[in-house]
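# what shape does this take:
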Amino acid sequence: MKFTVAAALLAAPAAAFTPVAGRTQMKMGMEKQIASAALAGAMMFGAGSSAFAASIGEGENVFNANCAACHAGGQNVIQNEKTLQQDALKQYLDGGMKESSVVYQVTNGKNAMPAFGGRLSDDDIANVAAYVIDQATGDKW
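This is a model prediction of the structure:
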């Protein structure tokens with residue numbers, strides 16, 4: 001849905017600036033104003049942006065509901081050395097200790113960890129990644 005809205009909004013300014021035989025200056029000026037207003041509205045309401053600010057609080061909820069069975073308190077009940085502690089994330093997490101690496105692992109799984117890509121939304125995965133990194137960097141586990 002957002003992609004469709006964004007594509008339409010990005011196409012509107014291009015159409016407004018495309019010269020067409022028979023258009024009057026007044027009509028072209030109005031089209032430019034409408035396209036600019038549509039683009040500004042989309043930016044204001046986030047429809048044209050794929051940026052997503054992850055929520056640590058929501059991530060905690062997702063973690064407790066989906067991850068805590070194996071990773072309660074940042075531990076790992078399957079492979080004891082592969083915890084969610086800062087040192088272990090730096091050592092074992094492909095790509096290093098950063099949210100994008102957690103997103104990749106949660107989405108795709110690895111070894112004994114199942115993939116959650118088909119079970120959790122992208123937003124939920126981004127939120128849980130933000131939560132895990134926040135806990136690890138703040139030594140909160």
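# list the helices and strands whatever helix or strand residue 105 lives in packs on?
Taking DSSP states H and E as the criterion, residue 105 maps to helix 99-108. Packing partners of helix 99-108 (3 or more Cβ pairs under 8 Å, 6 or more residues apart in numbering; DSSP states H and E): helix 122-137. (Each C-beta comes from the backbone N, C-alpha and C, glycine too.)
# list the buried residues for the helix it packs on?
124-133, 135-136 (16 or more other Cβ atoms under 10 Å).
# now do that helix against helix 99-108, angle only.
Between helix 122-137 and helix 99-108, the angle comes out at 130 degrees (axes from the mean of the first three to the mean of the last three Cα atoms, to 10 degrees).
# tell me the contacts of the nearest residue to residue 100 once chain neighbours are set aside?
In this structure, residue 100 finds its nearest non-sequential neighbour in residue 129, 7.7 Å apart by Cβ to Cβ, 6 or more residues apart in numbering. Applying Cβ atoms under 8 Å, 6 or more residues apart in numbering, we find residue 129 in contact with 54, 59, 99-100, 102-103, 106.
# also residue 81?
If you count contacts by Cβ under 8 Å, 6+ apart, residue 81 has them with 88, 92.
# how close does it get to residue 58?
To residue 58, residue 81 is 29 Å away according to Cβ to Cβ, to the nearest Å.
# do the same with residue 96
Where residue 58 is concerned, residue 96 sits at a distance of 24 Å (Cβ to Cβ).
# check residue 108 too.
Note on residue 108: its distance to residue 58, by Cβ to Cβ, is 21 Å.
# next one, pLDDT for the closest residue to residue 93 other than its chain neighbours please.
Leaving out its chain neighbours, the residue that sits closest to residue 93 by Cβ to Cβ, 6+ apart is residue 101, at 4.9 Å. At residue 101, the model reports a pLDDT of 98.
# and what of residue 86?
97.
# for residue 62, same thing?
Per the predicted model, pLDDT is 98 at residue 62.
# ok, now the one 3 residues further on?
Looking at residue 65, its pLDDT stands at 98.
# in terms of helices and strands, where is it?
Using DSSP H and E, residue 65 falls in helix 56-66.
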